[in-house]
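>>> here is a sequence with its predicted model. Questions after.
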Amino acid sequence: MPEIHPTATVYPGTVLGDGVRVMENAVVGKQPALGPKSTAKRDPLPPAVIGDKTIISTGAIVFAGATIGDACIIGDQSCVRERVVISDDVVVGRGSLVENDTTIGSGTRIQAEAYITAYSTLEEDVFIAPCVVTTNDNFMGRTERRKELMRGPTIRRGARVGGGAILCPGIEVGEEAFIGAGAVVTKDVPPRKLVVGSPARVLRDVPEDELLSSSS
């Protein structure tokens, strides 16, 4: 049975798996309030679905239409928007925001105060360090053309993004790539390469002993 704290709000229709914990002042199943110029879809949303043994921590918000897998932790004061799909064993750190229409693969770790923009894809075992910022709009709100081009980053399996890095719209971070702290990533990052700087440039290969394939 799920455990819901008396101060939490769980909207009607929300599906909570076995062993789910919804902690103090958390909100699950909230409907979005969209501005008139929002690019988010306005279709009716199904209920939020929370998998077995997932924890929705103190003050966290999960919107209607989100699907969260088993054994996840949605950290204190974090937010998961509508049509986000999160697989099993994912951590969304304190104060982080995962915007609408984003997909996150199993085993991924998103640390505190990270911003995952709308229309992003994070594959399995991705690591996002604190205060990472991802972006999806090269026009920053100007022109109608932006709507058809709006796309967040794609971060492939096992890639790691260092603290405070900024990822520009539509770029792809290759499998097992490593982005150094504070880098500004303006173009695709090849698989298993370490990039640093602003704009980010390839420094060297990721060491073999750091690759997931070497430890499996």
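Cool, the structure landed. Numbers count the residues shown, from 1 in each chain.

>>> what about the closest residue in space to Glu99 that isn't next to it in sequence, how many residues nearby?
The shortest distance from Glu99 to any non-neighbouring residue, by Cβ to Cβ, 6 or more residues apart in numbering, is to Ala118 (3.9 Å). (C-beta placed from N, C-alpha, C; glycine too.) Neighbours of Ala118 under the rule other Cβ atoms under 10 Å: 22.

>>> can you check the pLDDT for Ala118?
At Ala118, the model reports a pLDDT of 97.

>>> also the one 5 residues further on?
Turning to Glu123, the model gives it a pLDDT of 98.

>>> which ones are touching it?
Counting by Cβ atoms under 8 Å, 6 or more residues apart in numbering, Glu123 makes contact with 105, 108, 154-159, 175.

>>> ok, and the most crowded of those?
Neighbour counts for the contacts of Glu123 (other Cβ under 10 Å) peak at Ile155, which has 31 neighbours.

>>> list the contacts of the closest residue to Pro12 other than its chain neighbours.
Once flanking residues are discounted, Pro12 sits nearest to Gly29: 7.5 Å by Cβ to Cβ, 6+ apart. Residues near Gly29 by Cβ under 8 Å, 6+ apart: 10-14, 47-48, 62-64.

>>> quick one: the residue nearest to Glu99 is in a strand?
No - counting by DSSP: H, G, I helix; E, B strand; the rest coil, Ala118 is not found in a strand; it is coil.

>>> surely it meets Asp101?
Yes - using Cβ atoms under 8 Å, Ala118 makes contact with Asp101 at a distance of 5.4 Å.

>>> having no further points to raise, I will conclude here.
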